[in-house]
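# sequence first, predicted model second:
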Amino acid sequence: MIDWCKEMLGFPAGASGLLVSGGSMANLVGLAVARSATVGFEVRDEGMQAAPQAIALYGSTEMHSSLQRAVEILGMGNRSLRHIPVGDDYAMDLRALRETIAQDVASGIKPICVIGTAATTNTGATDPLAELAEIAQQHAMWFHVDGAFGALAALSPELRPIVDGMERADSLAFDLHKWGYQPFEVACTLVREPKAHKDTFALTPDYLRHATRGTAGGDLWFTEYGIQLTRGFRALKVWMALKVHGADKLGRLAYQNVDQARYLAWLVTESPHLELLAPVPLNVVCFRFRHAGVDDDRLNALNEELLIQLQEQGIAVPSGTTLHGKYALRCAITNHRSRREDFEILVRECVRLGEALTAGEPAGHQA
C-alpha cells in the first residue's frame with residue numbers, strides 16, 4: 001500500500017510511509033520527524049528545553065488546526081508557529097512568508113519547517129507548493145505538506161497540475177477516507193528520508209527485539225515509524241478498493257467531484273438570492289443567502305440558522321465557516337454518489353429557507 005501511495009504521488013521509491021488513523025495523526029508524524037531532523041540536537045534525549053535558540057515553523061492562516069495541535073504536543077509551543085497571511089485566493093502570500101523568515105533570522109530565531117497545504121479545509125485553496133519547496137531549500141528547512149484531501153488530486157490528470165511541487169516535500173500527510181473513498185479511518189504519512197523517519201520513533205525493548213525467523217522476523221516494523229504499537233489492519237480496505245476499482249477510477253471520481261463543485265458554484269452565481277464567498281479551485285464551495293437591505297451581522301445569524309435547518313430537515317449536511325467576517329455555508333464534495341440534482345435541490349432549498357427566515361415565517365421541509 002505504501003509503495004502504491006509513493007508511486008501515485010510522485011515520491012521516491014526509497015521513501016518510507018505509515019498508515020495512521022487520520023490526517024491529524026499523519027500531520028503529527030510528519031512534524032515529529034521535521035523536529036527531530038532540524039533542531040540540531042538530540043531532542044529525544046534532551047527535550048526542547050535543550051534548544052540553543054528559539055525555532056520557528058511557518059504555515060498559512062488557512063492551515064488546518066491539527067498542525068497547531070501537533071506543534072503544541074511536540075513541545076515546540078504555539079508561539080513558534082507563524083501564521084502567514086493569504087491572498088484573495090486564500091493561498092499563502094509568499095512575500096509575507098519571506099519577510100517573516102527574514103525577520104526571524106535577524107532576531108536569532110532558527111527557521112526549521114515550512115508547511116504547505118494542498119487544498120485547505122475552508123476553501124480548497126492550494127499553496128504555491130513548488131515555490132515553498134524552493135524557499136525551504138534556501139533556508140535548509142523541512143518542507144511538510146498537509147494534503148488531507150488535496151494530495152489525491154494527483155490521481156486525476158486534469159487536477160494534478162494544481163498540486164505540482166507536492167512531490168518535493170520532505171513529508172506529506174493525506175487522508176484515504178476522503179478522496180480515497182474509504183470508510184473511516186485511514187490516512188498516510190510519507191517521509192522522503194526513511195532514516196530520519198525511523199530515528200524519530202524507533203524504540204526496541206527486549207520484548208520487541210527483531211529476529212530472523214518466526215513472528216518477530218522481518219526488517220520493516222511499522223511500530224518503529226510512528227506512535228502506535230498495537231495497530232489495526234488499515235491497509236486491507238485500501239488494497240481491496242484498489243484491486244477492484246484501480247487508481248484511474250479514483251482519479252475520475254475526484255474530477256467528478258470538482259466538476260460538481262463548479263456546477264454548484266455556477267448555480268450560486270446564477271441565483272440573485274445567493275452569493276459565492278470564495279473561489280472554487282477544487283471541491284469546496286462556500287456561499288451564503290443574501291437579501292437586499294440586510295446587513296452582514298443579520299445575514300450571519302440568518303445563514304447560521306439556515307444551515308441548521310438544512311441539517312435538521314434532512315435536506316443536506318453542509319458545514320459552516322466564516323470568511324472575512326461573513327458566515328458561509330461550506331460544501332466539501334467528496335462523495336462518489338453525489339449527483340448534479342442533489343446540488344440543484346440544495347440551492348433551491350437554500351433560497352426557500354432564506355426567504356422564509358427573512359420574512360420571519362416558519363420554514364417547513366419541502367424538498
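Right, received. Where do you want to start?

# helices of the stretch 101-250 of the chain, start to end?
Using DSSP state H, counting those that start in this stretch, the helices of the stretch 101-250 of the chain run over 129-138, 194-201, 235-245, 247-270.

# right, so of these, which gets closest to residue 122?
helix 247-270 (13.9 Å; CB to CB). Using the backbone N, CA and C atoms, a C-beta is placed for each residue, glycine as well.

# chain neighbours aside, what residue packs nearest to the residue nearest the centre of the chain?
In the chain, the residue lying closest to the centroid (CA atoms, centre = their mean) is residue 148, at 3.1 Å. In space, not counting the residues next to it along the chain, residue 148 is nearest to residue 23; the distance is 4.2 Å by CB to CB, 6 or more residues apart in numbering.

# run a quick neighbour tally on that neighbour.
Residue 23: 27 surrounding residues under other CB atoms under 10 Å.

# quick revisit: mind checking the helices of the stretch 101-250 of the chain for the one nearest to residue 330?
Closest to residue 330 of those, according to CB to CB: helix 247-270, at 11.3 Å.

# next, the angle from the closest one to helix 235-245.
90 degrees (axes from the mean of the first three to the mean of the last three CA atoms, to 10 degrees).

# and helix 247-270, what does it pack against?
Helices and strands touching helix 247-270, by 3 or more CB pairs under 8 Å, 6 or more residues apart in numbering; DSSP states H and E, are strand 274-276, strand 284-289, helix 340-359.

# hmm, 10 Å instead?
Applying 3 or more CB pairs under 10 Å, 6 or more residues apart in numbering; DSSP states H and E, we find helix 247-270 packed against helix 2-9, helix 235-245, strand 274-276, strand 284-289, strand 326-332, helix 340-359.

# tell me which residues of the fourth one come out buried.
Read that as strand 284-289. Residues 284, 285, 286, 287, 288, 289 are the ones in strand 284-289 that count as buried (16 or more other CB atoms under 10 Å).

# with the first one instead?
Within helix 2-9, the residues scored as buried using 16+ other CB under 10 Å are 2, 5, 6, 8, 9.

# list the contacts of the closest residue in space to the last one that isn't next to it in sequence.
Ranked by CB to CB, 6+ apart and with sequence neighbours excluded, the top spatial neighbour of residue 9 is residue 154, at 5.4 Å. For residue 154, the set of contacting residues under the criterion of CB atoms under 10 Å, 6 or more residues apart in numbering consists of 8-10, 118, 147, 160-164, 166-167, 174, 179, 247, 251, 254.

# on that earlier part again, touching, the residue nearest to residue 148 and residue 117? I think so.
No. Judged on CB atoms under 10 Å, residue 23 makes no contact with residue 117 at a distance of 11.0 Å.

# which neighbours do those two have in common?
Common neighbours of residue 23 and residue 117 (CB under 10 Å, 6+ apart) are 64, 67, 146, 147, 148.

# burial count for residue 47?
11.

# surely residue 311 touches residue 346?
No. Using CB under 10 Å, residue 311 and residue 346 do not qualify as a contacting pair, with a distance of 11.8 Å.

# mind listing the shared neighbours of those two?
Common neighbours of residue 311 and residue 346 are listed as residue 318 (criterion: CB under 10 Å, 6+ apart).

# okay, those two: which has more neighbours?
residue 346 (22 against 14).

# skipping its backbone neighbours, what lies nearest the more buried one in space?
Distances taken as CB to CB, 6+ apart put residue 316 closest to residue 346, at 4.9 Å, once the chain neighbours are dropped.

# and of the buried residues of strand 284-289, the nearest to residue 227?
Residue 227 lies nearest to residue 284 out of the buried residues of strand 284-289, by CB to CB, at 29.7 Å.

# what's the separation between the closest one and residue 302?
According to CB to CB, to the nearest Å, residue 284 stands 22 Å off from residue 302.

# repeat that for residue 176.
37 Å.

# and residue 238, by the same measure?
Residue 238 sits 42 Å away from residue 302, going by CB to CB.

# rewinding a little: the shared contacts of residue 23 and residue 117 into TSV, with extra columns for pLDDT and distance to residue 138?
Below are the shared contacts of residue 23 and residue 117 laid out as TSV (pLDDT from 0 to 100; distance: CB to CB, whole Å):
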residue	pLDDT	distance to residue 138
64	97	25
67	97	22
146	98	21
147	96	22
148	91	26
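
# list buried residues within the residues you listed.
64, 67, 146, 147, 148.

# okay, among those residues, which ones form the most distant pair?
67 and 147 (12.3 Å).

# what sits in contact with each of those two?
By CB under 10 Å, 6+ apart, residue 67 and residue 147 have these common neighbours: 23, 27, 117, 173.

# hmm, who's touching stretch 266-275?
276-277, 280, 285-292, 299, 303, 326, 328-329, 331, 340, 343-344, 346-348, 350-352, 354-355, 358.

# who touches residue 216 in this structure?
207, 208, 209, 210.

# swap the cut-off to 7 Å and go again
Residues near residue 216 by CB atoms under 7 Å, 6 or more residues apart in numbering: 209, 210.

# in the chain, where is pLDDT below threshold?
361-367 (pLDDT under 70).

# where do the strands sit along it?
According to DSSP state E, the chain carries its strands in the segments 16-20, 55-60, 81-84, 110-117, 142-146, 171-175, 187-191, 274-276, 284-289, 319-323, 326-332.

# can you tell which of those strands is closest to residue 99?
For residue 99, the closest of the strands of the chain is strand 81-84, at 9.3 Å, according to CB to CB.

# now do the closest one: which elements does it pack against?
Packing partners of strand 81-84 (3 or more CB pairs under 7 Å, 6 or more residues apart in numbering; DSSP states H and E): strand 55-60, helix 94-106.

# report the buried residues of the longest one.
By neighbour count with 16+ other CB under 10 Å, helix 94-106 contains the buried residues 94, 96, 97, 100, 101, 104.
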